[in-house]
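Q: Sharing a model prediction with you, sequence too.
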Amino acid sequence: MSSAQLYYKQNRLKQLRAFCKAAQTGSISQAAERLFLSQPTVTLQIQALEREMGITLFERKGPAIILTPEGEVLYQLSQPLVEGIDKLDESFHAHFGRLDSGELGIAAGESTILYILPEPMRRFTEAYPGIRIKLHNVTGRDGMAMLRADEADFAVGSMLEVPDDIIYRPSLNFHTTLIVPLGHPLAQKNEVTLEEISRHGLILPPRHLATWRMVELVFNQHGLGFKVSLEAGGWEVIKKYVELGLGISIVTGVCLTGKERLVAIPLDRYFPRRSYGIVVRRGKYLSPQARRFIDMMDPAFFKELDDRGPSRPRQTRGGFEHDEGTA
């Protein structure tokens with residue numbers, strides 16, 4: 001083997017690390033920033049990898065770079081290897097039951113953070129106090145971007161449709177529920193119709209979010225309109241305004257604790273249940289810390305993942321829904 005070949009093979013990990021970070025960020029400059037390297041250094045590492053393998057890894061689309069078909073294949077092969085080597089020390093110690101250090105990044109919307117994660121977080125931090133958790137409060141689009149850029153180990157949230165590069169396993173389900181103030185004309189009813197709801201002003205999250213879209217879809221399907229008396233962000237805000245008698249609302253049951261001063265009426269006959277669960281990027285190397293948290297939160301996650309094998313998820317389109325982050 002020539003000295004030049006030996007040099008490149010000894011530096012293969014650096015080349016692959018630079019390549020993977022550029023693929024994740026879609027930018028040489030951002031990759032350099034996150035690797036604490038200069039932009040020319042990252043460029044040279046990627047060019048050396050291209051020369052050695054005899055392929056072109058990226059093509060430029062305006063200000064961004066995107067993977068070529070060959071680059072996509074190399075990324076799928078190399079990303080788990082790079083992450084595995086970078087986290088070798090943690091994985092080694094975890095093999096012997098020592099999980100007392102490292103980081104864990106979780107992306108989630110506000111509702112998930114407030115109502116779903118507190119108990120799993122409490123159990124995990126009690127069991128592994130040495131692990132530092134980064135909890136990212138993000139909207140759906142930002143959460144998906146973080147997963148694809150490996151800026152979070154996994155996400156927890158609700159998905160209506162699932163892209164091909166994402167794995168989602170719903171493990172919790174909640175009713176869609178009408179909430180009304182105490183003493184409201186609908187408060188004495190066990191069931192209500194959409195027509196009855198349409199006579200009263202609704203308090204809903206902003207128009208562009210999933211809850212509004214779902215309400216609009218269901219009412220349209222039944223040939224009815226609805227009135228919105230107030231737009232407000234955040235389930236806690238909406239519940240408070242309902243308690244004050246400023247309107248009624250349609251919410252996901254995840255936000256209801258039973259301690260609110262209002263009446264909750266299930267709307268199962270009109271609305272589907274809303275699911276929440278673990279969201280990971282397909283092919284993602286999951287650190288021992290991430291695997292342990294996921295296993296504590298959803299013990300069946302990895303069994304179902306193994307049963308699915310390389311097949312696609314049952315749902316096949318769309319994105320990470322986080323309307324609860326602002327609603």
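A: Yep, it's here.
Q: What segments of the stretch 51-200 of the chain are strands?
A: Along the stretch 51-200 of the chain, counting by DSSP state E, counting those that start in this stretch, strands occupy 58-61, 64-67, 103-108, 132-137, 154-159, 166-174, 176-181.
Q: Point out the other helices and strands that the first one packs with.
A: The elements that strand 58-61 packs onto, with contact taken as 3 or more CB pairs under 8 Å, 6 or more residues apart in numbering; DSSP states H and E, are strand 64-67. Every C-beta, even on glycine, is put in place using the N, C-alpha and C of the backbone.
Q: What strands line up against the strand it packs on, and which way round?
A: Partner strands for strand 64-67, per DSSP bridges, with pairing direction: strand 58-61 (antiparallel).
Q: Just the CA trace of the partner strand, in PDB.
A: This file holds the C-alpha atoms of strand 58-61, laid out as PDB (Å, rounded to 0.1, in the frame of the first residue of the first chain):
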ATOM      1  CA  PHE A  58     -23.100  16.200  -3.700                       C
ATOM      2  CA  GLU A  59     -24.700  18.500  -6.200                       C
ATOM      3  CA  ARG A  60     -25.500  22.100  -5.600                       C
ATOM      4  CA  LYS A  61     -29.100  23.400  -5.600                       C
END
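Q: buried residues in that strand?
A: If you call a residue buried by 16 or more other CB atoms under 10 Å, then strand 58-61 has these buried ones: residue 58.
Q: Quick check: which ranges of the stretch 151-300 of the chain have low pLDDT?
A: Along the stretch 151-300 of the chain, the model assigns pLDDT under 70 to no residue.
Q: tell me which element residue 279 falls in.
A: strand 274-281 (DSSP states H and E).
Q: now the strands for the stretch 201-327 of the chain?
A: Listed in chain order (using DSSP E, counting those that start in this stretch), the strands of the stretch 201-327 of the chain are 201-204, 227-231, 249-252, 262-266, 274-281, 320-321.
Q: Relative to residue 47, which of those is closest?
A: Evaluated over the strands of the stretch 201-327 of the chain, closeness to residue 47 peaks at strand 274-281, with 26.9 Å, by CB to CB.
Q: Domain parsing of the protein, as residue ranges.
A: Following the assignment in automatic domain parsing, the chain carries domains at 3-78, 88-171+274-325, 176-266.
Q: Just give the number of residues close to residue 26.
A: In terms of burial, residue 26 registers 17 neighbours under the definition other CB atoms under 10 Å.
Q: Assess the claim that residue 204 and residue 210 are in contact.
A: No - Residue 204 lies out of contact with residue 210 (CB atoms under 8 Å); the separation is 11.0 Å.
Q: Neighbour count for those two, which is higher?
A: For residue 204 versus residue 210, the count of surrounding residues by other CB under 10 Å is larger for residue 204: 23 against 18.
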